[in-house]
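# Build me a structure from this.
(2 chains)
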Amino acid sequence: MAGLTLSNVTKTFGDFDAVKDVSIDVRDGEFLAVLGPSGCGKTTLLRLVAGFERVSAGQIRIGGEIVSDAGGSVPPEKRRVGIVFQNYALWPHMTVAENVGYSLKVAKVDKTEARRKVDEALALVDLTGLADRRPANLSGGQRQRVALARCLVAAPSLVLFDEPLANLDVHLRASMEDEFAAFHKRTGTTIVYITHDQSEAMALADRIAVMDHGRLAQLATPRELYSEPANEMVASFIAQGIVLPAKVLSTESGNARVEVMGHEVTVRCRAGDGPRANASICVRTPDLEIAGEGEPGIDGTVMRAVYKGGALRIDFAPAADPDRVISFEYPGHTGFEEGARLRLRIVSGWLIPGSGQGA
Amino acid sequence: MSAPVKESRGQEMALTVAVAVVIVLLSLLPMLRLIKEIVAPGGTISDTAIRLGLASPATWTATVNTLVVGFGGTVLAVLLGTFVALLVTLTDIRGRSTLVLAYVMPLMIAPQVTALAWLQLFGPASPFLKMIGMAPPLGSRNPLYSTEGIILLLGVQYGPLVFLLVRAGLRKLPRELIEAARSGGAGWFTVLRTIVLPLMTPSIVAAAALAFVSCVGNFGIPAFLGIPANYLVLPTLIYQKLAGGGPAVLGEAAFLSVLIGIIAMAGILAQEVMSRRRDYRISSTSLPADPYELGKWRLPVEIGMWLFIVLILVLPLFGLLLTSLVPGYGIPLGWATATLDNYRFVLFEHAAAQRSFFNSFALSIAAAAFAVLVAVPVGYLVAWGKQKWIRYVNLSIELPYALPGVVLAIAALLMFLRPIPFTGIQLYNTVWIILYAYLARFLVLALRPTVSGYHQIDRALEEAAQVAGAGLFTRLRTIVFPLVAPAALAGGLLIFMTALSELTVSALLWSSGSETIGVVMFSFEQGGDSSYAAAMSAITVSITFVLMLATNLLAPYLPNGVLPWRD
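This next block holds a predicted model:
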């Protein structure tokens, strides 16, 4: 087991920066999820760590040892990194036991010793008794577990998961999520888990690295990402946050007084944040309320109200800025029709730290 | 039943019946006729033909020889083809598409031309060896007139066949399977040995079966290399028997051709059995693996690869070209002696050679055009038809091509030796019997690309026309044909190239007046006029090469893999 350190890693294909200046420090035994929309560079990041791609600039260290820098690259077979692929990548011409024992055979481990380790690994993923099956005769979940056992058996310093649940159906996904969590707890392995699914990342990871266009947008715990997004991208990406323009009037010990569309509210903010114009705040559905008679709020019109089962999804056009449609979910079944006037009250929110600086 | 329903059913019926008639005439009838000749010659069941055939020592010698060169050629083809496929597909070697074009080229050259070219390169009269001062003395024996020579040339001829199949398999290999092994600690050669090659066994076995059938049925190479050394394989034995005995020995020839058919089928069956035991279906649409970086070996490997191409392609063709310019046997070639007389002779002076160019062109164009026209409706039924028996249609069209050409030629002889019943039309001893055999044998070459063309077309395009009120024939003509036309035409061009210098079938079916290029080339060589044969070969090779490049222009409109030489 070992930590993983990426320092200013950049990977360029032609004139396209797939990964740009990314620095991440993964602690020994940590579960890190790398989250981002497709094309954000997360898979390239994984292939850089595994050694299938070479860095254009920067440095990658595993357990303190440099494995990639601009000068050279340790080949994948010498990195002791385990990978669980999205399509499992089980070899169809080998049995389950042969698949799992492959790295031991390559390392010329004594046969009885290898057999014992394979049995142990299979027991760990609950596949005892299936050793002589072929991958073709296994279910999706079983294949996934064989893939897990295969990377376990080599006692890797680091395990990489490449969207391992993307090919499974919803039910299986939930149970495999539990299994991965248990796997991490049991083995204490350092894990880097690539996914585009937020709930998966939130449920599993100690920390999440959000990537956007090859850059690291934010590296934080799931809670922090949700409640204190560092920039507008993370704010709108995580749980579909609503980003609204705001003018910061004053700040005081973690709270800021801001003006949003002519409506003054108090939101949380990072200590040390100061007053400025052109800032943004992040608001989520629980932070919104329909204002009662005489209460202050943002006036506007309901553009559309769609029933989503248990809640209404409302597209709201503020009178002050009708093009900036605010979409939010409102618990309940009826009560709003297209064209209805409405006043929206912001109860709480988060002042996005980076926003509006220099303006 | 209402009139519109009747009309639509009627068109469908007409199409099905027409396809069935074509298949019965071109595929089932000749095979049945051949079997009847063996089992019940003259109408009564008898085992005389079988017993006579088995009693002849020549049969046994030729069978053993066939198996020896068949296995030898297959092993060499598999080694060469697989090696080149691995190198070209899995490494970062440069100039890949040029390499593929050059390596696949021998497949598009008729076997007897390959044989002639190599003979000219290594013989005592070789202009090339004379140029570099290494020619053996005149009168000494050409080393290629031997078992080893035949095996070598079969391996060179059919290595590309193996290459194409293995390369197709390698391209479908998902990169994760290789990457999983590498992150499991395996170096490149271990990955090759434990992952890549085992996963490629189905492809390699299938390729080996195909190469075996081709080697066993090959006529041109053992005819040019074996007959002078009196080393006979079954196809050349049949040829000699018929050339010497005429229709009288047809029964015996029929037995021998069935024997080749059985050997070929045994090869195919062995492949079926082996691949059933190892079904490693890879169902992934992942990217192909990153190429292995050769590093400092890159340049040496590339040089080695091109030297190999020079050896198997450039030098033999160069030898052929030089021989075609030599004024007479054994005369050294120089600027002063080089002459185009041989070309003038075969093109303008020799009557049979002139006729043969006309015949071969006419036959190839007719066969290609017919196959394109038939392939569109047959392909329609095969690819989109719902009938269960379609599978067998496909199989029975493959049969005349899968079986060695000699088998089909003998069957055609048996069918048309006497005038066609009720009509009195005589095909035997005319060019039409060759045309019939070409149609039967090469139809599948146009059908395969057409079917893969159909699989790439969204059927909704046809259904939209149907909704718009177009009947089946109207849809075929206005919608379907224009859409699959490029694929069918490419198949037609493949047929044209193959038929142009075809020898196996026409060697048994030709008569005075219906000579083909292959036949005339063969008789020139047998008569010792290698220069004339070389001139004719050079002409056909250049036509083939120009056509290959011209067909590349069609490539953007074709399904992948239709043009074997295009990467």
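# contacts, neighbours, all on C-alpha from now
Will do.
# pretty sure residue A:117 is touching residue A:153, no?
Yes - using CA atoms under 8 Å, residue A:117 is in contact with residue A:153, at 6.5 Å.
# what about the residue nearest to residue B:448 when sequence neighbours are not counted, neighbour count?
In space, and not counting its chain neighbours, residue B:448 is closest to residue B:491: 7.7 Å by CA to CA, 6 or more residues apart in numbering or on different chains. Using other CA atoms under 10 Å in any protein chain shown, residue B:491 has 27 neighbouring residues.
# same question, residue B:52
Residues lying near residue B:52 (other CA under 10 Å) number 13.
# Regarding it, what is its secondary structure?
Three-state call for residue B:52 (DSSP: H, G, I helix; E, B strand; the rest coil): helix.
# pLDDT value on it, please?
Looking at residue B:52, its pLDDT stands at 74.
# With adjacent residues omitted, what lies nearest to it?
residue B:252 (7.7 Å).
# that older thread, neighbour count winner among residue A:117 and residue A:153?
More crowded of residue A:117 and residue A:153, by other CA under 10 Å: residue A:153, with 22 against 18.
# in terms of contact, does that one touch residue A:98 like I think?
No - judged on CA under 8 Å, residue A:153 makes no contact with residue A:98 at a distance of 11.6 Å.
# Next, the buried residues of stretch B:360-369.
Across stretch B:360-369, burial judged by 16 or more other CA atoms under 10 Å in any protein chain shown covers B:360-361, B:363-369.
# mean confidence for that stretch?
Averaging pLDDT along stretch B:360-369 gives 94.
# And it, how far out from the chain middle?
Chain-centre distance of stretch B:360-369: 16 Å, with CA atoms, centre = their mean, to the nearest Å.
# which other residues reach it?
Stretch B:360-369 has contacts (CA atoms under 8 Å, 6 or more residues apart in numbering or on different chains) with B:434-435, B:438-439, B:442, B:446, B:491-493, B:495-497, B:499-501, B:516-517.
# which bits of the stretch 101-250 of chain A sit near chain B?
With CA under 8 Å from any CA of the partner chain as the criterion, the stretch 101-250 of chain A meets chain B at residues A:102-103, A:106-107, A:151, A:154.
# Among the residues you listed, which ones are in helices?
Per DSSP state H, helices hold the following members of those: A:102-103, A:106, A:151.
# now for those, which pair is the farthest apart?
The span of those, defined through CA to CA, is set by A:106 and A:151 at 13.5 Å.
# These two: which is more packed in?
Neighbour comparison, residue A:106 and residue A:151: the larger count goes to residue A:151, with 28 against 17 (by other CA under 10 Å).
# Skipping its backbone neighbours, what lies nearest the more buried one in space?
Nearest non-adjacent residue to residue A:151, counting by CA to CA, 6+ apart: residue A:82, 4.8 Å away.
# Please report how far the one you found lies from residue A:122.
Distance, residue A:82 to residue A:122, using CA to CA, to the nearest Å: 16 Å.
# Please say which of these two ends up with more neighbours.
residue A:82 (29 against 25).
# where in the chain is pLDDT low?
In the absence of a named chain, this looks at chain A. Residue ranges of chain A with pLDDT under 70: A:1, A:333-334, A:355-359.
# please go with chain B instead
For chain B, the stretches with pLDDT under 70 are B:1-8, B:42-44, B:277-286, B:329-330, B:391.
# Disregarding residues adjacent in the polypeptide, which is nearest to the closest residue to chain A within it?
Nearest residue of chain B to chain A (CA to the nearest CA) works out as residue B:185 at 3.9 Å. Of all residues not flanking residue B:185 in the chain, residue A:77 sits nearest, at 3.9 Å (CA to CA, 6+ apart).
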